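J.: Below is the sequence, then the predicted model.
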Amino acid sequence: MKAFIFLLKFSYRNLWRSPKRTAIMLLSLAIGTGFIIWDLNFANSGSKEVMKEFLAQYAGEYHVTHLDYYSDKNKKEFDNFQTISDDEIADKRILATSTRRVTAPVFVSGEKKTLGVLLTGIEPEREKALTSLAQAVTTGRFLAPEAQREIILGKRLARRIDVKIGDEVAVIGQALDGSVANDLMTVVGLLDFGGGDLEESLAFTQLASAQEFLAMSSDSYHQRIDFDMKDDTTPVLPGLAVTKWEEILPEIGISVQFVDNFTWIVSFIIVIVISLGLSNTLMITFLEREQEFQTLNIIGAKTSWVATALMIEVFMLGSVAVIVGSGLGHIATTLCYYFPIDLQLFTGGQPIIMGGLSIQPLVRFYPVISYYWKVPLLIYFFLGLTMIYPLIRVIRRSKNAI
Amino acid sequence: MQFELVNVEKVYQASEESKVFGAKDVNLRISESDFMALVGPSGSGKTTILNLIAGLILPTKGTLRHGGGDITALSLEERTKHRLDYMGFIFQDYQLLPILTAAENVEFPLQLKGFSQSEIRDRVKWALAQVGLETMGQRFPKQLSGGQQQRVSIARAIAGKPQLILADEPTANLDSKTAQEIIELFKKLNQDYKLTFVFSTHDQRLIDQVKTVHYVKDGQISDTRTHHA
């Protein structure tokens, strides 16, 4: 034990024999560590904030439907239209954080044109409370809760079928009993999704109007969309299907995963670049002490002792660097919690279009605990690789004679 | 225990045609409390012989023995341990570790040997006292004069009370007065503690003080003279 303490003392003193050089190595490693932690937290928080804003606009965290509502496993087709009711959902928490929707593919006919869209019957007050859909209505107004047969359309859709606020549109579809459903609805608002595709394919009306249009009972509906963004767990409801947003919108999930993976790749590249610089400095440091290593060998220090001393030296350097770096990374992350970053800084002030929706997230950083051990491990791994060649050189050359 | 070089030859071969004899037909016996010098001009082969005795290089021919054992049969790591266990070294340019204090430099081989802390403390104290630096143990090498550094180097070599101390030109970097003091110290250590010294030197003052002088020329011991005190 005492011999090991002596070894530690020897390595520690060696670390500071050239304070400026050690400080530069330490600083580059620490800044690299700190930046990687900050960057990963940025990517992670950014993805989460973007997703949250995206999901909060319309899509929701998960959908509760009839088991057979989606007719394919990719959740892209729903031509069966089986309904559910609140009685089937016993979970009060879900009822408190979700809203009912009825969906149907319909034709909307204006003055000049008829286009196929997805008509969604919504509860205006619940949607206002849970989603930011109402905020996307930039022309006219959102659906009035007590009114009937009101419709809001995407801006592009309104332009294409040439209707404006106050106009009536004919809505034609198929009721649940198979009969032809048709109704006249009054355009009360236009949705602005920043020019996204959804502007052309979505239309909303009151839930009661949609139920009546589809010849459904007033207590049945197609989906309950949950917006409890704080809870990542997906509930299990016997006899019902609970589908996470990742399954409904896999392409969005993939792009979030891509951002995360890409950030790790960038982190690897940063560490490799720092490692190459360090390797060179370590080589110079070791070679400068070549005669000393020879002396150590002559007076009886085995090569393994010398190698251990050097490894401890580098390990100490790495440990101080990752501690300081993690601290720096955490401080930067915490600062970005209190002073969130507006993602539009990176888009020249333009909104981000995602999944057909326009989002303008303010990224508040949330530190991910696992980064505080994953990044140091990465640094240690590359530090280990970095010193292999200098160490081999030292070992080879420390066996000379007087 | 005796150290012995028997018919030792060391050839440095740069190519098939160019062979250089670092040592040739060297027979040397080092007994307990010997105080001997290998003397010769630069390039004569005295340092090569010193390296052979230490097991730092292996002979091309012949045998190195210690107490009947064959050192040439040992592996590199075993030879390193052999040096640690039985030898001490003194260098022309002291070769102290600049990051360690004088006391820690003396402590270094004792730590490698695995002595207990109390024994290390006693031995370091004893060794520094022998070289007259008992009050300077906490100083770093750069805070010491050349002569003092060489004294620390000597303390490091004797602290483990080795069977053999090899000193390569130990007075070459010292001024005349300090060199004389160091030579006196060597003599005292040899007389008081029966420590065995083998010097590689061409310092006449040291040559005059040793008991045995081996003259080395072209890698061979050309002459041996014994001084009788």
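T.: Thanks, I have it.
J.: nearest residue to the residue in the stretch 251-400 of chain A positioned nearest to chain B other than its sequence neighbours?
T.: In the stretch 251-400 of chain A, no residue comes nearer to chain B than residue A:300, which is 2.7 Å away by C-beta to the nearest C-beta. No exception for glycine: its C-beta is placed from N, CA and C like everyone else's. Leaving out its chain neighbours, the residue that sits closest to residue A:300 by C-beta to C-beta, 6 or more residues apart in numbering or on different chains is residue B:84, at 2.7 Å.
J.: CA-only coordinates of the helix or strand encompassing that neighbour, as PDB, when you get a sec.
T.: Element membership for residue B:84, per DSSP states H and E: helix B:76-86. C-alpha atoms of helix B:76-86 as PDB (Å, rounded to 0.1, in the frame of the first residue of the first chain):
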ATOM      1  CA  LEU B  76      15.500  -9.000 -18.600                       C
ATOM      2  CA  GLU B  77      13.100  -8.400 -15.700                       C
ATOM      3  CA  GLU B  78      15.100 -10.900 -13.500                       C
ATOM      4  CA  ARG B  79      18.300  -9.000 -14.200                       C
ATOM      5  CA  THR B  80      16.500  -5.700 -13.300                       C
ATOM      6  CA  LYS B  81      15.500  -7.300 -10.000                       C
ATOM      7  CA  HIS B  82      19.000  -8.700  -9.600                       C
ATOM      8  CA  ARG B  83      20.400  -5.100  -9.900                       C
ATOM      9  CA  LEU B  84      17.800  -3.900  -7.400                       C
ATOM     10  CA  ASP B  85      18.600  -6.600  -4.900                       C
ATOM     11  CA  TYR B  86      22.400  -6.600  -5.100                       C
END
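J.: where does the stretch 201-350 of chain A dip in pLDDT?
T.: Low-confidence segments of the stretch 201-350 of chain A (pLDDT under 70): A:229, A:231-232.
J.: Spell out the residue ranges of the helices in chain A.
T.: In chain A, the helices defined using DSSP state H lie at A:2-15, A:19-54, A:92-97, A:124-130, A:155-161, A:198-201, A:207-213, A:245-248, A:250-288, A:290-298, A:303-338, A:371-397.
J.: Make a markdown table from the ones you listed and add distance to residue A:63 and mean neighbour count to it.
T.: Formatted as a markdown table, those follow (distance: least, C-beta to C-beta, whole Å; neighbours: other C-beta atoms under 10 Å in any protein chain shown):
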| stretch | distance to residue A:63 | mean neighbour count |
| --- | --- | --- |
| helix A:2-15 | 58 | 16 |
| helix A:19-54 | 15 | 20 |
| helix A:92-97 | 11 | 14 |
| helix A:124-130 | 13 | 18 |
| helix A:155-161 | 23 | 20 |
| helix A:198-201 | 17 | 21 |
| helix A:207-213 | 16 | 22 |
| helix A:245-248 | 6 | 18 |
| helix A:250-288 | 14 | 16 |
| helix A:290-298 | 67 | 20 |
| helix A:303-338 | 31 | 18 |
| helix A:371-397 | 31 | 17 |
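J.: which one of those lies closest to residue B:121?
T.: Evaluated over the helices of chain A, closeness to residue B:121 peaks at helix A:2-15, with 10.9 Å, by C-beta to C-beta.
J.: Spell out which parts of chain B neighbour chain A.
T.: Residues of chain B lying near chain A by C-beta under 8 Å from any C-beta of the partner chain: B:47, B:50-51, B:54, B:56-57, B:76-77, B:80-81, B:83-85, B:87-89, B:91, B:95, B:97-100, B:104, B:107-109, B:111-114, B:117, B:156, B:166, B:168.
J.: Selection in PyMOL covering whichever of those are buried, please.
T.: Buried residues among those (16 or more other C-beta atoms under 10 Å in any protein chain shown), as a PyMOL selection:
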select buried, chain B and resi 47+50+51+54+56+57+80+81+83+84+87+88+89+91+95+97+99+100+104+107+108+109+111+112+113+156+166+168
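J.: circling back: what about the residue nearest to residue A:300, distance to residue A:296?
T.: Distance of residue B:84 to residue A:296, given as C-beta to C-beta, to the nearest Å: 11 Å.
J.: Contacts for stretch A:115-128, please.
T.: For stretch A:115-128, the external contacting residues (C-beta atoms under 8 Å, 6 or more residues apart in numbering or on different chains) are A:99-108, A:133-134, A:142-145, A:151, A:153, A:157, A:160-161, A:171, A:173, A:200-211, A:213, A:221.
J.: which ones are touching whichever residue of chain B sits closest to chain A?
T.: Relative to chain A, the nearest point of chain B is residue B:84 (2.7 Å; C-beta to the nearest C-beta). By C-beta under 8 Å, 6+ apart, residue B:84 lies in contact with A:299, A:300, A:301, B:109, B:112, B:113, B:160.
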